[in-house]
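Asks: Fold the following.
(chains A and B)
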Amino acid sequence: MSEPAVRVEGIGKRFGDTVALSGVGFSVEAGEMFGLIGPDGAGKTTLIRILTSLIDPDEGEARVLGYSVRTEPGRVRETIGYMPQRFSLYQDLSVAENLRFFADLFGVAAAERRRRTEELLAFSRLGDFVKRRAGALSGGMKQKLALSCALIHTPKLLVLDEPTTGVDPVSRHDFWEMLERLRSQGVTIVVSTPYMNEAALCRRMVLIHKGRILAAGNADEIAGLFPGTIYALFGGDLRSISTRLRPSVPAEFVRILGDRVHVIVLEDARGAIEALIDSMEREGLVARAAREVPPGIEDAFVTLMRNQ
Amino acid sequence: MMIDPVSGEDRPRSVTVREITRMFGDFAAVDRVSFDVGAGEIFGLLGANGAGKTTTIRMLIGLLRPTSGTGTVGGWDINTQFEQIKKSIGYMSQKFSLYNDLTVGENLQFFGGVYGLGSLEVAARIEELEEALELGAYLKRPTAALPLGFKQRLALGAAILHRPSILFLDEPTSGIDPIARRHFWALINELAAGGVTGIVTTHHMDEAEYCNRLCIMHGGKVVGLGSPAELRAEHRAGSIEDVFIRLVKGK
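Replies: Down below sits the predicted model:
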């Protein structure tokens, strides 16, 4: 088997008394879309800054496209494309000037620069806006420009830190389509997000919480770690259904979702909760109960967090 | 009571808007928008940037007057009674409006002052919220040192100090961990059970799923209105995200 595009082993990082990362390890295969999934403060950005060689880990090692982030940081930086969380664009430069600037920064030769610029403008559909100042672009377009700048030197690995935070759903949808096109062209992508519903767009992922990996695998494998059953309860008074369930299950296991209540039932509580649901059905409080709602990544996350 | 064909909700109305339009020059940022929100309902307003969401919210909270159309918020007229509206609503944003250097208790006292509550009233209210929001252990801590999930609760506490009947929530749980998010929505549901109306604006479909009904805006108009389940069924979509993309991109 070929060497993975990214290999992370036993990474630890502290900031003063705060443990930002501890015992983090995973590999990303060449050509896959890999997700770092976790809430704000989980350690995603620290991990990305280690992968991009911007900070050194206290423990462990990471190799990116065969280069060590500790001993070959220059190699790492010139080989990868990196889109940080905050836009790195020059607001006063035009679209074309931003691309030119990043091309020069990465030492892209003139002929290659012209070819690549044309390619990226078509890819990002920014061709009509080459003369517009970056500062005057919409949020979605700025993000496409930032992505294009990160791709100017045709990297084999692209690292993106929460590219969709604060982006509206339409731009987000377009952006993920662009990432998928890059991936289909063979670019390896490592992307972080706090949004569990975006995890499904990654082939494999790690769930990160408080600097540790809670789970790793593809979406089905992670959903498979979910240790219980989800029931959907329908009825006219969802808040009363929730109130009745609450003494028997942790607060985060009950969700009132618009027109239904979802309740997570762990195996050891199954008998008691099913009896409770039956009695609510007899009373007419629950009009209908559906068992075995498929768990999502967030359901797995919630139960894994409890076990941590 | 008559079942209202627009809201489909058999409860007193907390917000009604009829054909509200807001022009900026020749541009209709909001174009003849109508909807009702029932008391105790959690109502989501979704839209891409530029869809007219923010302009609609500005008109509802008394910061902007409609060019035409009528509406009420908490029974007050959105064309004339701005001051009364401001007193009957609470507003919580993802971008916390809290003072990081103040303690949790000081932040609540500060907001009590802003809302014109007396010091005895504030003290009593803080005691209530301390219990309801489980903030007791943090009262004397600086806000900056709070875990994100607790900052969220404190921001909620500050927004409901003056017992508003309508609460505006702007991406309230974006980025917080899933357990804290679920606890937060449980709190919102408790408030709603007590009759408080929640108006949620968000880009995130995992927040939209918590709403009783959703209003999807595009190009200043309402393009979708219904419960998450109704919208999914109507557009034969697996998720609200898919409904949204279909409505907005015509896919």
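Asks: how far out from the middle of the chain is the helix or strand A:Thr243 falls within?
Replies: Secondary structure from DSSP states H and E places A:Thr243 in helix A:238-245. In terms of CA atoms, centre = their mean, to the nearest Å, the gap separating the centre of helix A:238-245 from the centre of its chain is 33 Å.
Asks: So that helix, near chain B or not?
Replies: Yes - with CB under 8 Å from any CB of the partner chain as the measure, helix A:238-245 is seen reaching chain B through A:Arg239, A:Ser242. Heads up, the C-betas are built off the backbone N, CA and C, glycines and all.
Asks: which strands and helices sit next to that helix?
Replies: Contact here means 3 or more CB pairs under 8 Å, 6 or more residues apart in numbering or on different chains; DSSP states H and E; on that basis helix A:238-245 packs against strand A:254-257, strand A:260-266, helix A:270-283, helix B:178-193.
Asks: Would you mind getting the angle between that helix and helix A:270-283?
Replies: Our comparison of helix A:238-245 with helix A:270-283, counting by axes from the mean of the first three to the mean of the last three CA atoms, to 10 degrees, yields an angle of 140 degrees.
Asks: Pull out the buried residues from helix A:238-245.
Replies: Across helix A:238-245, burial judged by 16 or more other CB atoms under 10 Å in any protein chain shown covers A:Leu238, A:Arg239, A:Ser240, A:Ile241, A:Ser242, A:Arg244, A:Leu245.
Asks: Is there any residue in stretch B:19-27 that contacts chain A?
Replies: No - remark: stretch B:19-27 sits outside contact range of chain A, by CB under 8 Å from any CB, the gap being at least 15.4 Å.
Asks: could I have that stretch exported to PDB, CA atoms only?
Replies: Listed next in PDB are the C-alpha coordinates belonging to stretch B:19-27 (Å, rounded to 0.1, in the frame of the first residue of the first chain):
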ATOM      1  CA  GLU B  19     -47.900  41.900   2.800                       C
ATOM      2  CA  ILE B  20     -45.000  43.800   4.300                       C
ATOM      3  CA  THR B  21     -42.600  45.300   1.800                       C
ATOM      4  CA  ARG B  22     -39.400  47.200   2.300                       C
ATOM      5  CA  MET B  23     -37.800  49.100  -0.600                       C
ATOM      6  CA  PHE B  24     -34.300  50.400  -0.700                       C
ATOM      7  CA  GLY B  25     -34.500  52.800  -3.600                       C
ATOM      8  CA  ASP B  26     -35.900  50.600  -6.500                       C
ATOM      9  CA  PHE B  27     -34.900  47.400  -4.800                       C
END
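Asks: Show me what that stretch is in contact with.
Replies: By CB atoms under 8 Å, 6 or more residues apart in numbering or on different chains, the list of residues contacting stretch B:19-27 from outside reads B:28-34, B:52, B:55-56, B:59, B:64, B:66-71, B:78.
Asks: Next: stretch B:55-62.
Replies: Contacts of stretch B:55-62 from elsewhere in the structure, counted by CB under 8 Å, 6+ apart, are B:15, B:17, B:20, B:22, B:29-30, B:33, B:45, B:64-66, B:71, B:73, B:78, B:81-83, B:85-86, B:89, B:91, B:168, B:170, B:199, B:201, B:217, B:220.
Asks: now stretch A:298-308
Replies: A:37, A:196, A:207, A:209-210, A:212, A:214-215, A:222-223, A:225-228, A:230, A:250, A:252-253, A:264, A:266, B:177-179, B:182, B:206.
Asks: for that stretch, what is the average pLDDT?
Replies: Rounded to a whole number, the mean pLDDT of stretch A:298-308 is 88.
Asks: which residues touch the closest residue in space to A:Asp168 that isn't next to it in sequence?
Replies: Ranked by CB to CB, 6 or more residues apart in numbering or on different chains and with sequence neighbours excluded, the top spatial neighbour of A:Asp168 is B:Ala48, at 4.0 Å. In this structure, B:Ala48 makes contact with A:Asp168, A:Pro169, A:Val170, A:Ser171, B:His218, B:Val248, judged by CB under 8 Å, 6+ apart.
Asks: Show the backbone phi and psi for B:Ala48.
Replies: In this entry, B:Ala48 is assigned phi and psi values of phi -70, psi 170 (degrees, to the nearest 10).
Asks: Need the pLDDT of it.
Replies: The pLDDT attached to B:Ala48 in the predicted structure is 84.
Asks: next one: B:Ser14
Replies: Predicted confidence (pLDDT) for B:Ser14: 93.
Asks: ok, so of the contacts of B:Ala48, who is nearest A:Leu147?
Replies: Distance from A:Leu147 was checked for each of the contacts of B:Ala48 by CB to CB. The minimum falls on A:Ser171, at 11.4 Å.
Asks: OK, contacts around A:Ile189?
Replies: With CB under 8 Å, 6+ apart, A:Ile189 has these contacts: A:Glu32, A:Met33, A:Phe34, A:Leu157, A:Leu158, A:Val159, A:Leu160, A:Leu179, A:Leu182, A:Arg183.
Asks: So which of those residues are in strands?
Replies: Under the assignment DSSP state E, these contribute A:Met33, A:Phe34, A:Leu157, A:Leu158, A:Val159, A:Leu160 to strands.
Asks: Can you tell me which of the contacts of stretch A:298-308 are buried?
Replies: So, of the contacts of stretch A:298-308, A:37, A:196, A:207, A:209-210, A:212, A:214-215, A:222-223, A:225-226, A:228, A:230, A:252-253, A:264, A:266, B:177-179, B:182, B:206 end up buried under the neighbour-count rule (16+ other CB under 10 Å).
Asks: which one is B:Leu146 nearest to, not counting chain neighbours?
Replies: Spatial nearest neighbour of B:Leu146, excluding adjacent residues (CB to CB, 6+ apart): B:Tyr138 at 5.9 Å.
Asks: how far away is the one you found from chain A?
Replies: 16 Å (CB to the nearest CB, to the nearest Å).
Asks: For that residue, report the pLDDT, please.
Replies: Looking at B:Tyr138 specifically, the model assigns a pLDDT of 85.
Asks: same deal with the one 5 residues further on?
Replies: B:Thr143 is assigned 89 on the pLDDT scale.
Asks: returning to that earlier point: switch the contacts of B:Ala48 over to a markdown table; also include secondary structure and neighbour count.
Replies: Written out in a markdown table, the entries for those read as follows (DSSP: H, G, I helix; E, B strand; the rest coil; neighbours: other CB atoms under 10 Å in any protein chain shown):
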| residue | secondary structure | neighbour count |
| --- | --- | --- |
| A:Asp168 | coil | 21 |
| A:Pro169 | helix | 24 |
| A:Val170 | helix | 20 |
| A:Ser171 | helix | 21 |
| B:His218 | strand | 21 |
| B:Val248 | helix | 22 |
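Asks: ok, of the contacts of A:Ile189, which one's closest to A:Leu51?
Replies: Using CB to CB, A:Val159 is the member of the contacts of A:Ile189 that sits closest to A:Leu51, with 6.0 Å.
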